[in-house]
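Chemist: Show me how the following folds:
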Amino acid sequence: MLRTECEVALWEGEAAVPRDVLLREATQADGLYCLLTERVDAELLNAAPRLKVVSNMAVGYDNIDVPACTARGIPVGNTPSVLTETTADLTWAIMMAAARRVVEGVDWVRHGRWGTWGPLLLAGVDVHGATLGIIGYGRIGQAMARRARGFDMRVLCSHTSRAEAESIGECVDLDTLLAQSDFISIHTALNKDTYHLINTERLTKMKRTAVLVNAARGPIVDPDALYDALQSGTIFAAALDVTEPEPLPQDHPLLTLPNCIVVPHIGSASIATRIKMALMAAQNLLAGLHGERLPYCVNPQVYRDQWSANPPIEESDNRVTE
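Modeler: Residues are numbered from 1 along each chain as shown. Sure, this is the predicted structure:
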């Protein structure tokens, strides 16, 4: 889609684009098609005077300085809704795996430790009939609540309105959620108020049998505090699709714990969903290059600010950094 209308400068490496390469390529770019691994900040925007649009192939956009883009009249696109159910599926999967010690069981067999049946062998905690606490009740949080119905779970929600929560669960304050939940699943956005929201103090408020799940953003959970809580038995287990830092270094202490499952940020990683995300991001980018409103825009105020003073951008030859 992009190459039919644009000259595309594509980074083909598996690792994130090196910062110096991104800054260099951005100098001639009319559009930027990026992943959550690229930091789009004032430095990059200053290096890209021709930039007309930033399209992020993700629903979250904490990697982008949206106010700085808006101030420059640059619309920012994301890929909402399409990954909701897929991400909830993965979150539920790792929650179940942590509760029932599935990864430990696989390792037990692979390493030749399976000798006989025992009444307490790899005994975990029940999911059915338990209480699920959801921090952040947006699309993915609500999808988790719907799944909880099938397991006859009580659902508590925080960081949401009472009207939203009561459609399936109960709206409570965070301390109540932490104290009463058997499973705590994080789905809130990362910002200055949620950075290290789950810290030592809050971990000590959880049940010793609690399982913590994070499929939102890594820095919402303090990794050092989580390690101490898991190692000391303050909580039962954790399952992480996101970490701080990301990727997690191979020698990180969390990776030494049998009661901590870590997967490499694959919440939306089904083939169908990733294709849909890629197409949505391409649609956003092409709309921005044509001076049209982005189908999925996170800063729609840019149009009020921009189009009140200037007409839509006329079509021209465009160069994209991807």
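Chemist: Now tell me which helix or strand of the protein has the poorest mean pLDDT.
Modeler: When the helices and strands of the chain are compared on mean pLDDT, DSSP states H and E, strand 318-321 comes out lowest with a mean of 51.
Chemist: Same question for the residue lying farthest from the centre of the chain, what's its three-state structure.
Modeler: Relative to the centre of the chain, and counting by Cα atoms, centre = their mean, the farthest-placed residue is Thr116 at 40.2 Å. Secondary structure state of Thr116, per DSSP: H, G, I helix; E, B strand; the rest coil, is coil.
Chemist: begin at 37 from here
Modeler: Got it, the first residue is 37 from now on, which makes the last one we talked about Thr152.
Chemist: those strands in the chain, which residues are they?
Modeler: For the chain, strands defined by DSSP state E occupy the ranges 42-45, 67-70, 89-92, 112-113, 167-171, 190-194, 206-207, 219-222, 247-250, 273-276, 296-298, 354-357.
Chemist: hmm, who's touching the fifth one?
Modeler: Yep, that's strand 167-171 we're talking about. With Cβ atoms under 8 Å, 6 or more residues apart in numbering as the test, strand 167-171 has contacts from 177, 180-181, 184, 189-195, 205, 210, 213-214, 216-224, 233. In short, each C-beta sits where N, CA and C put it, glycine included.
Chemist: where does the stretch 37-186 of the chain dip in pLDDT?
Modeler: Residues of the stretch 37-186 of the chain meeting the criterion pLDDT under 70: none.
Chemist: Quick one: the helices in it, in order.
Modeler: In the stretch 37-186 of the chain, the helices defined using DSSP state H, counting those that start in this stretch lie at 55-62, 78-83, 102-107, 120-135, 138-146, 175-185.
Chemist: ends of stretch 88-101, how far apart?
Modeler: With Cα to Cα, to the nearest Å applied, stretch 88-101 spans 15 Å between its terminal residues.
Chemist: Next: stretch 224-237.
Modeler: Rule used - Cα to Cα; the end-to-end distance of stretch 224-237 is 19 Å.
Chemist: what's next to that stretch, contact-wise?
Modeler: With Cβ under 8 Å, 6+ apart as the criterion, stretch 224-237 contacts 96, 98, 171-172, 174, 177, 195, 222, 248, 250, 252-253, 255-258, 261-262, 264-265.
Chemist: Can you list the buried residues in that stretch?
Modeler: 224, 226, 230, 233-234 (16 or more other Cβ atoms under 10 Å).
Chemist: Which residue, other than its chain neighbours, is closest to Asp98?
Modeler: Counting by Cβ to Cβ, 6 or more residues apart in numbering, Asp98 lies nearest to Leu226, which is 4.8 Å off, once chain neighbours are set aside.
Chemist: mind checking how far the one you found is from Leu71?
Modeler: In this view, Leu226 and Leu71 are 16 Å apart by Cβ to Cβ, to the nearest Å.
Chemist: where does the stretch 187-336 of the chain have low pLDDT?
Modeler: In the stretch 187-336 of the chain (pLDDT under 70), the answer is 196-203.
Chemist: Just the helices from it, written as ranges.
Modeler: 198-201, 210-216, 236-239, 259-268, 307-325.
Chemist: Out of the contacts of stretch 224-237, which end up buried?
Modeler: 96, 98, 171-172, 174, 177, 195, 222, 248, 250, 252-253, 255-258, 261-262, 265.
Chemist: Can you give me the domain boundaries for this protein?
Modeler: 42-117+306-357, 120-298 (automatic domain parsing).
Chemist: chain center to the first one, what's the gap?
Modeler: Just to be clear, that refers to domain 42-117+306-357. How far domain 42-117+306-357 lies from its chain's middle: 19 Å, per Cα atoms, centre = their mean, to the nearest Å.
Chemist: same deal with the longest one?
Modeler: Between the mean C-alpha point of domain 120-298 and the mean C-alpha point of its chain there is a distance of 14 Å (Cα atoms, centre = their mean).
Chemist: can you check stretch 291-310 too?
Modeler: 11 Å.
Chemist: For it, buried residues please.
Modeler: Applying 16+ other Cβ under 10 Å to stretch 291-310 flags 295-299, 301, 303-304, 306, 309-310 as buried.
Chemist: Take the residues you listed and write them to a markdown table, including distance to Leu157.
Modeler: A markdown table is the format used below for the buried residues of stretch 291-310 (distance: Cβ to Cβ, whole Å):
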| residue | distance to Leu157 |
| --- | --- |
| Asn295 | 15 |
| Cys296 | 20 |
| Ile297 | 19 |
| Val298 | 23 |
| Val299 | 24 |
| His301 | 32 |
| Gly303 | 31 |
| Ser304 | 35 |
| Ser306 | 33 |
| Thr309 | 36 |
| Arg310 | 38 |
